[in-house]
Structures are given as structure tokens and as C-alpha cells.
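Visitor: Provided below for reference: sequence and predicted model.
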Amino acid sequence: MLKFLALFMLLASATVNAQTPLHTDLPLKYLEQANPDSHNQPLVIFLHGYGSNERDLFGIKDDLPAQYNYLSVQAPVALDEDSYQWFRKKGEGAYNGETDDLKTSGQVLLDFIAQAATKYHTEANKVFLVGFSQGAIMSYEVGLRHPEAVGGIAALSGRILPVLKTELKPDEKRQKLAIFIGHGTVDKRLPYVDGTDADSLLQHLSLKPEFHGYEGLGHNISAVEIQDLNAWLLRLNP
């Protein structure tokens, strides 16, 4: 029931979000609910999943801290009209990614984060990536490789790709990185074990992820998950 409620909330806000102008002044196109004149207010950046677009997660902002600034970006690789991806998938079944795509998209996202932080007068430790599915994979990719660029990442129904796993070593710079992991127990696209494996790996690296498993939830976002995400974001800016 809760997952349908979350879907209803997202659909209900779709008409409003469709009227929000798409900004093009930063390295990636994006939607904005923000006050560029605010100073050091938390900046939340949404990263959509495979085949979706910048409107997909934007409605979640309505149930997150009202005083924060929100951007929702469009992935750089076009699939079809109004459909985008962060990287091409490699192989069947396994949700791996082409290394060149990961590097290119990772760099443009890193540039976007830096320029957005400057535009919205926000320190890096108050920038938070919130990604779903392929967007969650990119949150891990950028946040774990460049912990100095963000204050935290929220990975919703994602995974840490094998290429990143093999390259992660203990690093003091990552110790201050706040991490939220949310995953449905019956996710058939990115199985629940992808979430628990990420949690275990990060703990092994001396990080302290906040892990949430959602019983009966598939490859989507529930109302309870949004509530947990809201509480996490509030704790990061007491």
C-alpha cells in the first residue's frame, strides 16, 4: 500500500514539475527549487535512474525539509526522447557499466556539483546526492571517489559497481561522509543483496552507513523510505 502511496504522490506532482523550467547554465541540465541568494543552506541534488529524466525524483522534495535547496539533474546520455542514462549497461543480467561512460559522467557530475555549490553559496559538506537505481550507482561512484565534493549520499535501490569495489581502500577523507542506503527486499532489478553488500563493504571501510531495508518493496520508493530520508537529511543539518 505504501509503495502505491509514494507513486501517487509522485504522479500528483508531475503536472507542477512539468511546468518547472529546465535550467542550462551548469554542466548538466536541471530543475530547481532553490533560492540562489541563500547562504550555506543544504543543497540536495537528485540523480534519476536509467531511462528516466530530471522530473522523476523532483516531486520527492515536497516531503523533504522545506528550507533546503533542491536540484534535479538530467543524465548526460540520451536514450530516446525524454529518456536518459548515466552510463551504458555492460552485459546482460548484471547491472554493470561501461568504464568510459562512468568516467565521463562522473567527471561532468563532479563539475556540476562544484559549480552548483558555488552558485547556491553552499559549502561542500552541505551538498547531498540522492540517487535512485542508476542514479544511486552514480552517487556511490562520485561520492566514494571524491568525498571532499559532498557531505553525504543517499543510495536508493542501487549498488556499488565491481570496478569501484576493487579500487576502494580505507581513506580518512571518507570518514565524514554521511551515507543513507534504502533497498526493497523484493527488488528484482537490483536485488536486495546489492544493498546489504554495499552496507557491509562500507562498514569494512570504517564508514557508518544508515541502512534501511523495506519489506515487500520492489524497485521503487515507498512513503516510509521518503520519511526515513527526510529524517536523515534533518539530522545532517541540526
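Guide: Looks like it arrived, so ask away.
Visitor: Now stretch 105-122 - C-alpha only, CSV.
Guide: The C-alpha coordinates for stretch 105-122 follow below in CSV (Å, rounded to 0.1, in the frame of the first residue of the first chain):
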residue,chain,number,x,y,z
SER,A,105,29.6,11.1,-16.5
GLY,A,106,31.4,11.0,-13.1
GLN,A,107,33.5,14.0,-14.2
VAL,A,108,30.6,16.1,-15.6
LEU,A,109,28.6,15.3,-12.4
LEU,A,110,31.6,16.4,-10.3
ASP,A,111,31.9,19.6,-12.2
PHE,A,112,28.1,20.2,-11.8
ILE,A,113,28.4,19.7,-8.1
ALA,A,114,31.2,22.2,-7.7
GLN,A,115,29.6,24.8,-9.8
ALA,A,116,26.2,24.3,-8.2
ALA,A,117,27.8,24.7,-4.7
THR,A,118,29.3,28.0,-5.9
LYS,A,119,26.0,29.2,-7.4
TYR,A,120,23.9,28.4,-4.3
HIS,A,121,26.6,29.6,-1.8
THR,A,122,26.8,26.2,-0.2
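Visitor: Can you pull out the residues in contact with it?
Guide: 25-28, 30, 34, 36-43, 45, 47, 69, 71, 73, 75-77, 86-87, 123-124, 127, 129, 138, 141-142, 145-146, 149-150 (C-beta atoms under 8 Å, 6 or more residues apart in numbering). All C-beta atoms are positioned from the backbone trio N, CA, C, and that covers glycine.
Visitor: Please flag which of those residues sit within strands.
Guide: 30, 43, 45, 47, 69, 71, 73, 77, 127, 129 (DSSP state E).
Visitor: Weed out the non-buried ones from these.
Guide: For the ones in strands among the contacts of stretch 105-122, a neighbour count by 16 or more other C-beta atoms under 10 Å gives the buried set as 30, 43, 45, 47, 69, 71, 73, 127, 129.
Visitor: Below-threshold pLDDT in the chain: ranges please.
Guide: 1-18, 91-98 (pLDDT under 70).
Visitor: Would you state the strands of it in chain order?
Guide: Under DSSP E, the chain gives strands at 30-33, 43-47, 69-73, 77-80, 83-85, 89-90, 96-97, 127-132, 152-156, 178-184, 210-214.
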